[in-house]
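Asks: show me how the following folds:
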Amino acid sequence: DSMLNLDEALNAMAVSDARRHEVVMLRFFAGLTVEQAAQVLGVSPATVKNDWSFARAWLLREIDRRAKSTDQGPVPGEHRGGGM
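Replies: Below is the predicted model of the structure:
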């Protein structure tokens with residue numbers, strides 16, 4: 001469940017904030033330093049640091065929210081159906 005919650009949260013971040021999603025991909029999954037990620041993205045290291053801090057907090061909150069919603073049923077307004 002935790003891996004599914006992480007995947008869903010990352011997908012939501014990709015839609016809502018593409019640059020911060022990319023920072024997570026570069027820092028966490030690719031293992032790049034702040035400076036390396038900044039160079040890849042063409043932004044300052046300070047921007048990457050800010051995005052990284054925000055993204056970690058956002059992901060933790062989103063994962064927690066999703067974990068609670070699976071314990072208590074669907075979150076109001078959230079579509080959890082399959083198919084069309």
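Asks: report all helices and strands that the longest helix along the chain contacts.
Replies: Assignment by DSSP state H gives helix 45-72 as the longest helix of the chain. Helices and strands touching helix 45-72, by 3 or more C-beta pairs under 8 Å, 6 or more residues apart in numbering; DSSP states H and E, are helix 2-16, helix 18-24, helix 34-41. The way it works is simple: take the backbone N, C-alpha and C, and place the C-beta from them, glycine included.
Asks: what average pLDDT does the shortest one get?
Replies: Helix 18-24 carries an average pLDDT of 97.
Asks: which parts of it are buried?
Replies: The neighbour-count check on helix 18-24 (16 or more other C-beta atoms under 10 Å) flags 20, 21, 22, 23, 24 as buried.
Asks: how much space separates the first one from residue 36?
Replies: Spelled out, it's residue 20. 17 Å (C-beta to C-beta, to the nearest Å).
Asks: centroid-nearest residue for this structure?
Replies: By C-alpha atoms, centre = their mean, the mean C-alpha position of the chain lies nearest to residue 10, the distance being 3.7 Å.
Asks: so for it, what's the pLDDT?
Replies: With respect to pLDDT, residue 10 has a value of 96.
Asks: so how many other residues sit close to residue 53?
Replies: 12 (other C-beta atoms under 10 Å).
Asks: same question for the one 4 residues further on.
Replies: A count of nearby residues for residue 57, using other C-beta under 10 Å, gives 10.
Asks: just residue 67 next, same as before
Replies: Neighbours of residue 67 under the rule other C-beta under 10 Å: 14.
Asks: that one: what's it in contact with?
Replies: 1, 2, 5 (C-beta atoms under 8 Å, 6 or more residues apart in numbering).
Asks: in TSV: those, plus distance to residue 43, neighbour count and pLDDT.
Replies: Converted to TSV, the contacts of residue 67 look like this (distance: C-beta to C-beta, whole Å; neighbours: other C-beta atoms under 10 Å; pLDDT from 0 to 100):
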residue	distance to residue 43	neighbour count	pLDDT
1	34	9	78
2	30	9	84
5	28	19	91
